[in-house]
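A.B. asks: Any chance you can model this:
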Amino acid sequence: MGIRQEQRERTRAHLVDVAHGLFAERGYADVGLAEIVATAGVTKGALYHHFENKLALFEAVVEMVTQGVGERVATAGDADLLAGCEEFLRAATSPDVVRVLLIDAPAVLGWQRWHELDDQHSVAHLREGLAEQGIVSEALVRCVSGALNEAARWIATLPVQGRETAVRESTAVVRKLLPG
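C.D. replies: Predicted coordinates:
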């Protein structure tokens, strides 16, 4: 890879990181492109070189966040499917994820796109974990995934000091949904 290509990739990643921080803190609607480029220390031209508009940048942020959650789930789930589910709840309710993934992404990107991204990362790990146990049931995958997403949305509304208890309680409920 050439130096210019590396520079472009670094700039793109930097823009996504900066936008992630701003979107996570204040939400999609309250962050403008001018603030993003000023915070990132780049020009609007540099931003538009990488992203067509604010929506495209936000989608890149959501993809990065979703992938990060998925990686955490996969790592925890290597040992145990239930541990992967529990890690999803912790990851999805962390402060840098909640606003972007659980609040703004479904509204800004639409449910269809949000579900596609969820399917590519978190749901895929759940499906693989169940398949490793010999369970091939899309209905079960969808029900457990839905339960986890709703539990994460609920946990995110709780005071920080109550979240760990809610994660454990939600994991106990998911344990009852999973066969075996």
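A.B. asks: And residue 116, how close does it get to residue 64?
C.D. replies: 15 Å (C-beta to C-beta, to the nearest Å). All C-beta spots, glycine's among them, are computed from the backbone N, C-alpha and C.
A.B. asks: Now name the helix or strand holding the closest residue to residue 60 other than its chain neighbours.
C.D. replies: Nearest residue to residue 60, sequence neighbours excluded (C-beta to C-beta, 6 or more residues apart in numbering): residue 16, at 5.1 Å. Using DSSP states H and E, residue 16 maps to helix 3-26.
A.B. asks: and after that helix, which helix or strand comes next?
C.D. replies: Following helix 3-26 toward the C-terminus (DSSP H and E): helix 33-40.
A.B. asks: and whichever helix or strand comes after that following helix, which residues are buried?
C.D. replies: Going down the chain from helix 33-40, the next helix or strand is helix 44-50, by DSSP H and E. For helix 44-50, burial by neighbour count (16 or more other C-beta atoms under 10 Å) applies to 46-47, 50.
A.B. asks: With stretch 12-19 instead?
C.D. replies: Buried-residue list, stretch 12-19, by 16+ other C-beta under 10 Å: 12, 15-16, 18-19.
A.B. asks: got a markdown table for those residues, with pLDDT and distance to residue 56 too?
C.D. replies: Shown next, in a markdown table, are the buried residues of stretch 12-19 (pLDDT from 0 to 100; distance: C-beta to C-beta, whole Å):
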| residue | pLDDT | distance to residue 56 |
| --- | --- | --- |
| 12 | 96 | 11 |
| 15 | 98 | 11 |
| 16 | 98 | 11 |
| 18 | 98 | 15 |
| 19 | 98 | 11 |
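A.B. asks: can you map out the strands along this structure?
C.D. replies: Counting by DSSP state E, the chain forms no strands at all.
A.B. asks: Tell me where the model's unsure across the protein.
C.D. replies: 180 (pLDDT under 70).
A.B. asks: I'm done for today, thanks for sticking with me.
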